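In: 3D, please:
(one chain, ligands or ions: 1)
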Amino acid sequence: MDLLKWGRSPWGEWVLTHVSWNLFWASLFAGILFFVAHASYMLFSAHRKRSTEETDALEAARKDLPAKIERHNLTARLFHWVMAAAMFVLLFTAFLPVVGYRFPWVTWHWIAGLVLTGSILFHIVHASFFLDFWSIWVGPKDIPEFKAELMREFGHEVPGPKPGKYPLGNRLYHLAQVVAGILVIVTGVLMMNRVRTPFFTRNPYLFSDATWGWTYVGHGLAGVGMVGLVIAHVYFAVRPEKWWITKSMIFGWITRRQYLEHHEPARWRVVGGGSTATKPTGQA
Ligand code: HEM
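Out: Numbers count the residues shown, from 1 in each chain. The predicted structure is shown next:
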């Protein structure tokens, strides 16, 4: 199976031109395989939230907490849905032609690309200065949580730490999206030099054929990777046991009980009145 496509430059050299669309089918297949495998596994998996008795006791002890706890403020939710809309337009405009539906996709594609780029730049500023920047990142400090979650997955009740604001899987997912997102955005912005836009004069000679080839391959690899990542994300969002998280991305809050059931209060501190403040993950 070919993974990359090659072509001849005007000087007769073989240069890379694109990724092979076999990779798109492979990523689509991997995404679908993942959700079938995960859904089957979940039929047998132990639940990972706190037991009812433990949550009851915590609720009795934490009467100071508001009934509704803010998880995503309005700005964060608006960013999420604008980014999601741009992402879907990008995926459909890029891959509908691959599956045989031909239309003038390029203009819609780069417009959605600029919306995605703008929304992510906004998100970086918002998360750095107005949210708890470190709550989404994952590192060696999370090894105890990883071990505890693994033990719970095998049905053991262990006292180890629960997640802070974001579950481990969400933090790993965010990291994968950061890597794919940076690659697709940097290459996409460069590729705008190859198409007609109102912003600057088209300049296909900006790079050599070989460099353009690598740019298209980088864009294609990140793009097909996103097919699998987006399928996995939507799959988790629609799973009934994750609705409480999905609903919080629509309405902004979770209940006090959900907060105590799924989180480590010491790692995601909630202050009165429903607004929240966090300390860096892992600190009490
Ligand atoms: C989810 C994100 C994205 C996906 C899945 C995606 C996918 C793709 C794919 C598969 C192609 C065809 C590449 C090829 O022919 O080798 C493409 C082309 C292109 N993309 Fe994206 N892309 C994304 C984001 C972006 C962004 C953020 C921008 C710009 C800011 C952008 C701008 C472009 C441009 C200008 C082309 C070139 C069209 C041409 O040369 O005919 N893309 N994209």
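
In: drop to CA atoms for contacts and neighbour counts, all remaining ones
Out: Will do.

In: pLDDT-wise, which helix or strand of the protein ranks last?
Out: helix 143-153 (a mean of 86; mean pLDDT, DSSP states H and E).

In: All the helices of this structure, residue numbers only.
Out: Ranges of helices within the chain are 22-44, 52-61, 74-95, 105-129, 143-153, 168-191, 209-238, 243-251, 256-262, based on DSSP state H.

In: Tell me where the stretch 151-284 of the chain is predicted with low confidence.
Out: Residue ranges of the stretch 151-284 of the chain with pLDDT under 70: 272-284.

In: Mean neighbour count and distance to the ligand added to the helices of the chain, as a markdown table?
Out: A markdown table is the format used below for these (neighbours: other Cα atoms under 10 Å; distance: least, Cα to the nearest ligand atom, whole Å):
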| stretch | mean neighbour count | distance to the ligand |
| --- | --- | --- |
| helix 22-44 | 15 | 8 |
| helix 52-61 | 12 | 40 |
| helix 74-95 | 17 | 5 |
| helix 105-129 | 16 | 3 |
| helix 143-153 | 17 | 29 |
| helix 168-191 | 17 | 4 |
| helix 209-238 | 20 | 3 |
| helix 243-251 | 16 | 20 |
| helix 256-262 | 19 | 31 |
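
In: closest to residue 201 out of these?
Out: Residue 201 lies closest, by Cα to Cα, to one member of the helices of the chain: helix 168-191, at 12.6 Å.

In: Who are the packing partners of the closest one?
Out: Secondary-structure packing of helix 168-191 (3 or more Cα pairs under 8 Å, 6 or more residues apart in numbering; DSSP states H and E): helix 105-129, helix 209-238.

In: which outside residues touch it?
Out: 110, 113, 117, 136-138, 146, 215-216, 218-220, 222-223, 225-226, 229 (Cα atoms under 8 Å, 6 or more residues apart in numbering).

In: chain center to it, what's the gap?
Out: How far helix 168-191 lies from its chain's middle: 8 Å, per Cα atoms, centre = their mean, to the nearest Å.

In: Need the nearest residue in space to residue 58, chain neighbours excluded.
Out: Closest residue in space to residue 58, ignoring its immediate chain neighbours: residue 260 at 6.9 Å, by Cα to Cα, 6 or more residues apart in numbering.

In: Over to residue 108?
Out: Counting by Cα to Cα, 6+ apart, residue 93 is the residue found nearest to residue 108 once chain neighbours are left out, at 7.0 Å.

In: sorry, back to before: hang on, isn't the residue nearest to residue 58 packed against residue 59?
Out: Yes: counting by Cα atoms under 8 Å, residue 260 touches residue 59, with 7.2 Å between them.

In: Could I get the contacting residues of residue 222?
Out: Residue 222 touches 180, 181, 183, 184, counting by Cα under 8 Å, 6+ apart.

In: if I look at it, how far off is residue 178?
Out: Look at residue 222 and residue 178: by Cα to Cα, to the nearest Å, they are 11 Å apart.

In: what's the answer for residue 209, then?
Out: Distance check for residue 209 against residue 178: by Cα to Cα, it reads 28 Å.

In: Ok, residue 191 next?
Out: Distance from residue 191 to residue 178, counting by Cα to Cα: 20 Å.

In: Ok, residue 33 next?
Out: In terms of Cα to Cα, residue 33 sits 23 Å off from residue 178.

In: cool, and residue 141?
Out: Taken as Cα to Cα, the span from residue 141 to residue 178 is 20 Å.

In: quick revisit: distance to residue 12 added to the helices of the chain, as a markdown table?
Out: Formatted as a markdown table, the helices of the chain follow (distance: least, Cα to Cα, whole Å):
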| stretch | distance to residue 12 |
| --- | --- |
| helix 22-44 | 26 |
| helix 52-61 | 70 |
| helix 74-95 | 29 |
| helix 105-129 | 28 |
| helix 143-153 | 53 |
| helix 168-191 | 23 |
| helix 209-238 | 11 |
| helix 243-251 | 53 |
| helix 256-262 | 60 |
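
In: these two touch, right, residue 14 and residue 209?
Out: No: between residue 14 and residue 209 there is no contact, the gap being 9.6 Å when judged by Cα under 8 Å.

In: Mind listing the shared neighbours of those two?
Out: By Cα under 8 Å, 6+ apart, no residue touches both residue 14 and residue 209.

In: Tally up the residues packed near the residue nearest to residue 21 when sequence neighbours are not counted, please.
Out: In space, and not counting its chain neighbours, residue 21 is closest to residue 98: 7.2 Å by Cα to Cα, 6+ apart. Around residue 98 there are 14 other residues, counting by other Cα atoms under 10 Å.
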